[in-house]
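In: prediction below, plus the sequence it came from.
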Amino acid sequence: MLKTIIRKELLENILSYRFPLFFLITAVLILTSLYVRNADYNKQVRDYSEQVRLANDELASSRMSDLFMGRIKLRGFLPPAPLSVLATGFESSLPSYHDFDAEGPKPGASAGGEESILSVFGKLDFLFIIQMVVSLIVLLFASDMIAGEKEMGTLRAILANSAPRHSVLIGKLTGGFLTVWIPFLVVFLLGLIVLGLMSFPIGGADHPARLAGVFLATTVFLLVYYAVGLMISASSSRSRTSLVAILLVWIVFQVVIPRLGDMLAAVIHPARTETVVSMQKSLAVKTIDREKAIALGSKYVELFGPITDTSAPPEPEDKKKIYEAFQSEWDNRASEQKASQLREIDDSYRREKDPQRRLATALSLLSPGAAYSRLVTDLCGSGEIDRADYYQSVQDYQRTLDAALYQYVKKRTMIYPGGRSGSSSSITKMVDLKTLPAFKVKTSRLEEVLAGNWGSLISLAFWLVAPFAVAYVRFLKYDVR
Amino acid sequence: MTENQTILKANDLSKRYEDGVLALDHINLNVRAGEVYCLLGANGAGKTTTINLFLGFIPPTTGTCLINGIDINKDPLEAKKYVAFVSENVMLYGNFTARQNLDFFAKLGGKPSLGRDDYYKVMRRVSLQEKAFEQRVKTFSKGMRQKLGISIAVIKNAPAILLDEPTSGLDPKAAEEFQEILSELKKEGKAILMSTHDIFRAKEIGDRIGIMKEGRLVMERTREDLRTEDLVKIYIDYMKSEPMTV
């Protein structure tokens, strides 16, 4: 019985005009997007290699003292994530590089900064196509699955036979879903072939597992929308009503919740922007440096007498030692104060931001579309996990540089009574350029992606089971008359 | 199955909807093998409700519907094995060909092993034109759809057939052809319960005729009775009078 219903659903959908149209739209959009995004990725890889080469050339032609004194900066670039050809995610909004010096990392421009006004529409990548095009078509397929048969009266004809209602429902879901899943499977495989022909590293690293993950997640996502469509169709007596309801649900799931979630979270849990935090940190550092400079300047004048316009006072050895001890004490004190204040600013920012992030994530999980986006962007290495890893890598690299390089630079500014200033710097140990550690961005492991996405997985599971359960109950109670 | 064996039986069948409307009021009827029972009545008299109750589409408020001795509400899947249904607007899949429709409903009706030749044979039997066998049903006239509908009932080979106003909207030739098919099915021993507005067709084909009014079966006559009585007059008289259950 189930096989008969499945076969009928498949045949009915395949014979309708919607099937070839769906196949064509899906194939054209996905294959075109993969081709274009892969070309874009190849360009990004070339740009990245060129930028790294140029930065290394600049370093090679510089002296270590230039680096120590901050005349040139170490620059760490964000390598493009290969699987971002499927989901751009945060990639275009992240700083494409960071500059590192003794004062800390400074973000460079994002790749998105170089794009045209059309970029506000988002990238036509695989994720976008599935989310905004395929999901809608899937819902449209499902809209008249039950309501349409009610309207035509064929449901009466089916139920006049010894067909158990649950078999009819499961058969319709399975057959109907296969009608959209098979074209998707074919297009996905064709897409992989296209990427393979364009020398995309499909077999590289854990790409096969991640691609399988994307495929599975998309299958579940489409099944979720099919189940939602089934629920609406089973609850409507007319396919037109079902269609309107489906469009409303799609708008809420795909447009309203994901966008409103972030906005609501920002209103309920307001937090400073990263720019404000960065400026506050910079101000805190400058304030401490200024206090230190004033203290050093005052001590200098106290020990060696006032500075004249033409020359510095003589520095007797005994007083020089006292001054150096004072300097060291202030170096330590300033360093501790900076660390403490920066930590405090970071902590308070985290305290503001964490509830906001948690709320935004929780709200976004109300939408299967948002849950699917999180999962797929993370699988493609362009999501929240890799963004956090990137910023963590920046902090880690800064710490490495501090330990390996910048701790040997003593750069001091003095502000003398009256406001005049002077500075001195010294290098306590030379470091070989070749021994400098390279900037490496940590990339997420598949286990981390899965562990970090349990919420998304639960959301998808819920949206799969709940609508089907509602559809099941509605259909079992359906008055066939 | 023997002649005179009751295939369709309604015992004290009533249906009151949730809004309080009494659609069927303590109906008792039975249809034997090889018999055509015609239910006549105005719109809303309860003819279609009776058929819906026999198909288990709605539960009765009181009473039982037995198909081949099986209570449709106790074991609907088993009971439905013994009944085929043809409605006024035959419900078919427009994008399917006649054969594909027949194939689907045959499999659904428990005939999984039938092939193209079997389907062609049945469609020939109901006088569907040969060229229509592989045509999409959405291009069919009402008469052609009705023939295909009856072929679905024929291929199921169930002992009972329920027909809900099957000749409504058919031209006289198509209605005549339909009647011939019913006569053949009757000869094969099928128990046929047909609701209709068509008094003349009912008189022609019905072995027994029941008139329904406001949910009650107010009159029942056999073919023998109608040799001496005028069905049209009886029908009009009953429509004018207050309903009294038979």
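Out: Yep, that arrived.
In: elements contacting the helix or strand harbouring A:Ala471?
Out: Element membership of A:Ala471 [criterion: DSSP states H and E] is helix A:454-476. The helices and strands touching helix A:454-476, judged by 3 or more CB pairs under 8 Å, 6 or more residues apart in numbering or on different chains; DSSP states H and E, are helix A:165-197, helix A:207-235, helix A:368-379. For glycine as for every other residue, the C-beta is placed from the backbone atoms N, C-alpha and C.
In: what segments of chain A are strands?
Out: Here chain A has its strands, by DSSP state E, at A:74-77, A:97-101, A:104-107, A:409-415, A:421-427.
In: now those strands as TSV including mean pLDDT and mean neighbour count?
Out: Formatted as TSV, those follow (pLDDT from 0 to 100; neighbours: other CB atoms under 10 Å in any protein chain shown):
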stretch	mean pLDDT	mean neighbour count
strand A:74-77	88	20
strand A:97-101	85	21
strand A:104-107	80	18
strand A:409-415	73	18
strand A:421-427	70	12
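In: nearest to chain B, of the ones you listed?
Out: Nearest to chain B, of all these, is strand A:74-77, at 56.2 Å by CB to the nearest CB.
In: buried residues, the helix holding A:Ala471. List them.
Out: For helix A:454-476, a neighbour-count test (16 or more other CB atoms under 10 Å in any protein chain shown) marks A:Ser456, A:Ser459, A:Leu460, A:Trp463, A:Leu464, A:Pro467, A:Phe468, A:Val470, A:Ala471, A:Tyr472, A:Arg474, A:Phe475 as buried.
In: tell me the one among the residues you listed nearest to chain B.
Out: Checking these against chain B with CB to the nearest CB, the nearest one is A:Phe475 at 13.6 Å.
In: contacting residues around the closest one?
Out: Taking CB atoms under 8 Å, 6 or more residues apart in numbering or on different chains, we find A:Phe475 in contact with A:Ile146, A:Arg165, A:Val168, A:Leu169, A:Ala234.
In: repeat that for A:Arg412.
Out: A:Lys292, A:Ala293, A:Leu296, A:Gln327, A:Asp331, A:Ser423, A:Ser424, A:Ser425.
In: beta partners of it?
Out: Legend: beta-bridge partners of A:Arg412 under DSSP bridges are A:Ser424.
In: look up how far A:Ile257 lies from it.
Out: Here the criterion is CB to CB, to the nearest Å. By it, A:Arg412 lies 54 Å from A:Ile257.
In: same deal with A:Gln337?
Out: As judged by CB to CB, A:Gln337 and A:Ile257 stand 45 Å apart.
In: go on, A:Ala271?
Out: Relative to A:Ile257, A:Ala271 is positioned 21 Å away (criterion: CB to CB).
In: check A:Ala87 too.
Out: 19 Å.
In: excluding chain neighbours, what is closest to the residue nearest in space to the middle of chain B?
Out: Among the residues of chain B, the one closest to the centroid is B:Leu163, at 1.8 Å (CA atoms, centre = their mean). Distance criterion CB to CB, 6 or more residues apart in numbering or on different chains; nearest residue to B:Leu163, sequence neighbours excluded, is B:Met194 at 4.0 Å.
In: burial count for the one you found?
Out: B:Met194: 27 surrounding residues under other CB atoms under 10 Å in any protein chain shown.
In: which SS state does it fall under?
Out: Following DSSP: H, G, I helix; E, B strand; the rest coil, the label given to B:Met194 is strand.
In: who does it form a beta bridge with?
Out: Beta bridges link B:Met194 to B:Cys38, B:Leu163, judged by DSSP bridges.
In: my guess is it contacts B:Glu35, does it?
Out: No - using CB atoms under 8 Å, B:Met194 makes no contact with B:Glu35, being 10.9 Å away.
In: correct me if wrong: A:Arg272 contacts A:Glu352.
Out: Yes - with contact defined as CB under 8 Å, A:Arg272 reaches A:Glu352; the gap is 6.4 Å.
In: roughly how far apart are the residue nearest the centre of chain A and A:Leu464?
Out: In chain A, the residue lying closest to the centroid (CA atoms, centre = their mean) is A:Gly383, at 2.8 Å. Separation of A:Gly383 from A:Leu464 (CB to CB) stands at 21 Å.
In: what number of residues lie near the residue lying closest to A:Gly305 once chain neighbours are set aside?
Out: Sequence neighbours aside, A:Pro313 is the residue nearest to A:Gly305 in space, at 4.5 Å (criterion: CB to CB, 6+ apart). Counted with other CB under 10 Å, the neighbours of A:Pro313 add up to 14.
In: so which bits of the lowest-mean-pLDDT helix or strand in chain B are buried?
Out: Least confident helix or strand of chain B, by mean pLDDT, DSSP states H and E, is helix B:231-240 with a mean of 75. Neighbour counts over helix B:231-240 (16+ other CB under 10 Å) mark B:Leu231, B:Ile234, B:Tyr235, B:Tyr238 as buried.
In: can you tell me the closest non-neighbouring residue to the residue of the stretch 301-450 of chain A found nearest chain B?
Out: Nearest to chain B, among the residues of the stretch 301-450 of chain A, is A:Pro368, at 30.5 Å (CB to the nearest CB). Excluding its sequence neighbours, the residue lying closest to A:Pro368 (CB to CB, 6+ apart) is A:Trp463, at 4.1 Å.
In: how about the contacts made by that neighbour?
Out: By CB under 8 Å, 6+ apart, the contact list for A:Trp463 reads A:Val224, A:Ala227, A:Val228, A:Pro368, A:Ala371.
In: what separation do you get for it and A:Leu222?
Out: Applying CB to CB to A:Trp463 and A:Leu222 gives a distance of 12 Å.
In: quick one, strands of chain B?
Out: In chain B, the segments counted as strands under DSSP E are B:6-16, B:22-32, B:36-41, B:62-67, B:70-71, B:83-86, B:160-164, B:191-196, B:208-213, B:216-222.
In: those strands: which one's closest to A:Lys281?
Out: When the strands of chain B are compared by CB to CB, strand B:6-16 sits nearest A:Lys281, at 76.8 Å.
In: follow-up on the earlier one: pretty sure the residue nearest to A:Gly305 sits against A:Phe304.
Out: Yes - applying CB under 8 Å, one finds A:Pro313 in contact with A:Phe304, separated by 4.1 Å.
In: name the residues of the stretch 351-481 of chain A found near chain B, please.
Out: When proximity is defined by CB under 8 Å from any CB of the partner chain, the stretch 351-481 of chain A lies next to chain B at A:Asp479, A:Val480, A:Arg481.
In: return the member of those nearest to B:Lys121.
Out: Nearest to B:Lys121 among those: A:Val480, at 30.8 Å, using CB to CB.
In: I'd guessed that closest one sits against A:Thr154; true?
Out: No - taking contacts as CB under 8 Å, A:Val480 lies outside contact range of A:Thr154: 11.1 Å.
In: thinking again about what came up before, what about A:Ala87 and A:Ile257, which has more around it?
Out: Taking neighbours as other CB under 10 Å, A:Ala87 and A:Ile257 compare with A:Ala87 leading, 28 against 19.
In: show me where pLDDT drops low in the chain?
Out: Since you didn't name a chain, this refers to chain A. Applying pLDDT under 70 to chain A flags residues A:68-70, A:112-121, A:309-312, A:410-411, A:425-434.
In: chain B was what I was after
Out: Using pLDDT under 70, chain B drops low at B:1-4, B:242-246.
In: enumerate the residues of it near chain A.
Out: Taking CB under 8 Å from any CB as the contact definition, chain B meets chain A at B:48, B:52, B:55, B:57-58, B:76-78, B:80-81, B:83-85, B:87, B:89, B:91-96, B:100, B:104-105, B:107-110, B:112, B:152, B:156, B:162.
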